[in-house]
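> turn this into a model:
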Amino acid sequence: MPERVNPIQIQKFLDGVDYPASRDDIVSAAEESGADDRVLEVLRALPEGDYDAPTAVSRAVADIGD
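All right, here's what the predicted structure looks like:
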């Protein structure tokens, strides 16, 4: 299970993402923004599917490990 990461920390790496976005789009955007391995691990653990807004990503991140 990935280590918990603050959703605000994740959002700084997703600036400029066009929503809706797939998990793969979100991971790619974070990689291009220089996200560290811990953030990328959490994003890769997101459920497959499209996310319609940054808040949807934050909710999914919060659900990981719950």
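
> who touches stretch 46-58?
The contact list for stretch 46-58 (Cβ atoms under 8 Å, 6 or more residues apart in numbering) reads 7, 10-11, 14, 17, 19-23, 26, 60-61, 64. Where C-beta positions appear, they are placed from N, C-alpha and C, glycine not excepted.

> and if we set it to 10 Å?
Identification of contacts with stretch 46-58 by Cβ atoms under 10 Å, 6 or more residues apart in numbering yields 2, 6-8, 10-11, 14-15, 17, 19-27, 30, 43, 59-61, 63-64.

> cool, stretch 13-32 as well?
10-12, 33-36, 39-58, 60.

> give the buried residues for that stretch.
Of the residues in stretch 13-32, 13-14, 17, 21, 23, 25-27, 29-30 count as buried by neighbour count, 16 or more other Cβ atoms under 10 Å.

> narrow the contacts of stretch 13-32 to those in helices?
Among those, the ones falling in helices (DSSP state H) are 10-11, 39-44, 54-58, 60.

> so which of those residues wins on neighbours?
Sorting the ones in helices among the contacts of stretch 13-32 by how many neighbours each has (other Cβ atoms under 10 Å) puts Leu43 first, at 26 neighbours.

> just checking, that residue touches Ile10?
Yes - taking contacts as Cβ atoms under 10 Å, Leu43 lies within contact range of Ile10: 7.0 Å.
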